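**Q** Build me a structure from this.
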Amino acid sequence: MAALNGARAQNVINSDFSLPSAASAPNKYIEDPPTSAQIGWTFSKVGGVTSGVQANGSAFGAPAAPDGLPQTAFIDDLNTISQNIDFKLPGDYELSFQIVEFAHGTPAGSVQSVVAYIGGEKKGTYTPKSTTSFNKITIPFTIAKADPAVELKFAGCGAGSGCTLQTGEATAVLIAQVKITPVAPQITKGPTDIDPTSKIDLTGDHFGPDKGTIRVHFPSESKVAFQNKSPHGKSKSDLYLDVPGKWGGTITSEALDSASPVGDAAEQTVEITVIASNGQSSSAWKAKFHNTVVITGVSPNSVTPGQTFNVKGWDFGGDTGKVTIHFTNNLFKSPSLDSKGDKDAQIGKGKWTPAVVNATVPKDITAVIEQDVEISLTPKGGKASNALKEKFNPTMEMGLATVVVAQCNSGTSLDLCNPAPGSYSGGGVCLGIDAAGIAPFGSNIWGFHESCAWFATDTGTDIYNAIVAPPWWTITKVDHSWEGVPPGVWEDDGNGATIEYDVNPSPPGPIVSVTVNWNISPGGISDYAFNVWMKGPAGVPH
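**A** Numbering: from 1, shown residues only. Okay, here's the model as predicted:
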């Protein structure tokens with residue numbers, strides 16, 4: 001109603017010319033009355049003739065004003081009357097007025113016409129049909145944009161060429177009941193059936209030059225309020241649709257579920273109306289609404305084992321159904337999925353509502369990779385909804401990567417590089433150290449070199465390679481499990497030896513090579529350990 005009231009604010013001031021009152025004026029007419037906020041009109045005076053207002057029974061001898069009104073305006077010869085109209089809204093409008101000819105013009109039988117202008121644009125020349133009764137003139141026009149000062153003007157038009165006065169011509173036209181009214185749109189073609197995914201196509205007249213809106217009225221209210229955009233606000237009975245494309249004689253709205261991501265309306269006949277930019281509404285176009293189940297959104301970045309996520313949409317119903325997660329890539333034949341690659345989410349008590357369902361991804365989903373999954377919803381006893389894609393993030397686990405010894409220097413008295421369990425036992429060669437017991441538990445790189453040469457220095461290089469299965473697994477880091485010294489720095493291990501190492505390429509990545517350079521003093525021992533860490537989806541081979 002606010003828009004409609006705004007449209008009616010484009011009123012013509014003093015539209016019946018009742019001000020100023022000429023009832024007590026000499027001869028009951030007033031020439032060239034001064035304008036004011038109440039009078040509204042500006043009356044011109046050219047030479048010895050003028051324009052003004054005249055009361056019923058004036059010296060003009062005109063018929064009484066129509067509909068019992070007390071007086072009219074008059075325009076002598078080529079004079080004008082005008083006022084500025086405040087159009088608060090663009091749209092299609094209609095100007096109407098009534099005219100009658102002055103009966104005593106000269107030469108006898110002369111008929112004066114009137115020209116109507118709106119915003120400086122000539123709308124037409126109109127001739128009275130009688131000197132004894134008024135005839136009504138109706139002019140359609142369009143206001144392209146809001147404007148507080150659009151001039152409405154009536155000008156006298158003589159019988160000569162180009163509205164000039166013929167020699168000796170002197171006459172007048174009388175004008176009554178000037179009105180400007182907004183024109184309501186009319187729908188001539190529309191849909192017969194719609195559902196929440198429908199875009200509504202409408203064809204008609206007087207939709208206006210500027211965009212309005214489309215309203216869908218649900219006589220049986222939705223159980224969930226529609227989330228209308230501003231300025232309309234939430235409503236259970238009315239859904240307002242924008243028109244994203246061109247606005248004209250044929251328009252196409254956004255989809256219902258785009259205008260409101262939630263709704264729960266029963267199947268019914270709905271009423272579709274166009275609300276033009278001038279605030280006027282069309283008559284209702286009726287269509288059958290089908291309450292198809294539709295998912296409009298899923299909580300982003302929340303589809304991962306053990307996490308909850310929301311599914312929102314239309315017409316889920318009040319009883320708990322099921323939410324299904326379909327994995328389009330089941331490369332590793334996950335035992336946690338069914339033969340179709342599906343897994344039903346868990347729905348807790350009270351977590352199912354007609355437009356929003358809170359679901360939980362089962363924790364036991366393993367052996368699947370990151371991917372776009374398809375989420376669908378099936379109401380209890382109903383048909384499955386559309387499938388909406390959302391990213392699935394698998395449970396990620398950390399571990400030590402498998403390491404292969406590419407090179408183990410064998411130039412000392414005892415050289416060990418990742419010896420297999422049980423492959424070496426016994427004490428140290430020179431110092432009686434049990435080398436097999438030195439390796440720290442959990443490290444996947446361990447080297448041990450012992451020099452029994454008391455008169456010479458030993459040097460060497462060991463190389464270890466680690467490879468994981470890309471793109472699912474990646475090596476994340478390499479750490480020096482004992483000292484924590486960074487690559488490229490020689491360190492003293494305290495047993496008469498120094499070591500330096502390099503990691504190439506630097507993690508993260510699917511492959512890494514660890515090169516260890518060592519230098520042993522006479523009778524010394526070099527031992528070191530590293531951890532090569534990897535990360536990937538639980539249950540997926542690495």
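**Q** switch to C-alpha atoms for all contacts and neighbour counts from now on
**A** Noted.
**Q** what's the nearest residue to the residue of the chain most remote from its centre if we skip its chain neighbours?
**A** Computed with CA atoms, centre = their mean, the residue of the chain farthest from its C-alpha average is residue 455, at 81.1 Å. Leaving aside its sequence neighbours, residue 455 sits nearest to residue 522 (CA to CA, 6 or more residues apart in numbering; 5.7 Å).
**Q** Am I right that the one you found is in contact with residue 454?
**A** Yes: counting by CA atoms under 8 Å, residue 522 does reach residue 454; the two are 4.4 Å apart.
**Q** mind checking how far the residue farthest from the centre of the chain is from residue 524?
**A** Taking CA to CA, to the nearest Å as the measure, residue 455 falls 11 Å from residue 524.
**Q** Residue 117 now?
**A** 111 Å.
**Q** which of those two has more neighbours?
**A** residue 524 (22 against 17; other CA atoms under 10 Å).
**Q** contacting residues around the more buried one?
**A** Contact analysis of residue 524 by CA atoms under 8 Å, 6 or more residues apart in numbering lists 450, 451, 452, 495, 496, 497.
**Q** Now do the contacts for the residue nearest to the third one when sequence neighbours are not counted.
**A** If I follow you right, that is residue 452. Spatial nearest neighbour of residue 452, excluding adjacent residues (CA to CA, 6+ apart): residue 523 at 4.9 Å. Counting by CA under 8 Å, 6+ apart, residue 523 makes contact with 430, 450, 451, 452, 453, 454, 496.
**Q** Show me those residues that map onto strands.
**A** Using DSSP state E, the subset of those located in strands is residue 450.
**Q** Take the contacts of residue 523 and write them to JSON lines, including neighbour count and pLDDT.
**A** As requested, the contacts of residue 523 are exported to JSON lines (neighbours: other CA atoms under 10 Å; pLDDT from 0 to 100):
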{"residue": "430", "neighbour count": "15", "pLDDT": "62"}
{"residue": "450", "neighbour count": "29", "pLDDT": "86"}
{"residue": "451", "neighbour count": "26", "pLDDT": "83"}
{"residue": "452", "neighbour count": "19", "pLDDT": "79"}
{"residue": "453", "neighbour count": "16", "pLDDT": "72"}
{"residue": "454", "neighbour count": "10", "pLDDT": "72"}
{"residue": "496", "neighbour count": "16", "pLDDT": "87"}
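**Q** quick check: mean pLDDT across whichever strand in the chain runs longest?
**A** Assignment by DSSP E gives strand 525-537 as the longest strand of the chain. Strand 525-537 shows a mean pLDDT of 92.
**Q** what's the offset of it from the middle of its chain?
**A** 50 Å (CA atoms, centre = their mean, to the nearest Å).
**Q** Okay, now the unreliable bits of the protein?
**A** Along the chain, segments meeting pLDDT under 70 span 1-10, 420-442, 481-483.
**Q** Export stretch 180-200 to CSV, keeping only CA atoms.
**A** Listed next in CSV are the C-alpha coordinates belonging to stretch 180-200 (Å, rounded to 0.1, in the frame of the first residue of the first chain):
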residue,chain,number,x,y,z
ILE,A,180,-3.8,12.5,-13.7
THR,A,181,-4.1,8.8,-12.6
PRO,A,182,-1.6,6.0,-12.7
VAL,A,183,-2.4,3.2,-15.1
ALA,A,184,-2.5,-0.4,-13.7
PRO,A,185,-0.6,-3.0,-15.6
GLN,A,186,-2.5,-5.9,-17.3
ILE,A,187,-1.2,-9.4,-17.7
THR,A,188,-2.3,-11.0,-21.0
LYS,A,189,-0.2,-14.2,-20.9
GLY,A,190,1.4,-16.2,-18.1
PRO,A,191,2.2,-19.7,-16.9
THR,A,192,-0.3,-22.4,-16.0
ASP,A,193,2.0,-24.4,-13.7
ILE,A,194,4.9,-23.4,-11.5
ASP,A,195,7.1,-24.9,-8.8
PRO,A,196,9.9,-23.5,-6.5
THR,A,197,12.5,-23.6,-9.4
SER,A,198,10.2,-21.8,-11.9
LYS,A,199,11.1,-18.5,-13.5
ILE,A,200,7.8,-16.7,-14.3
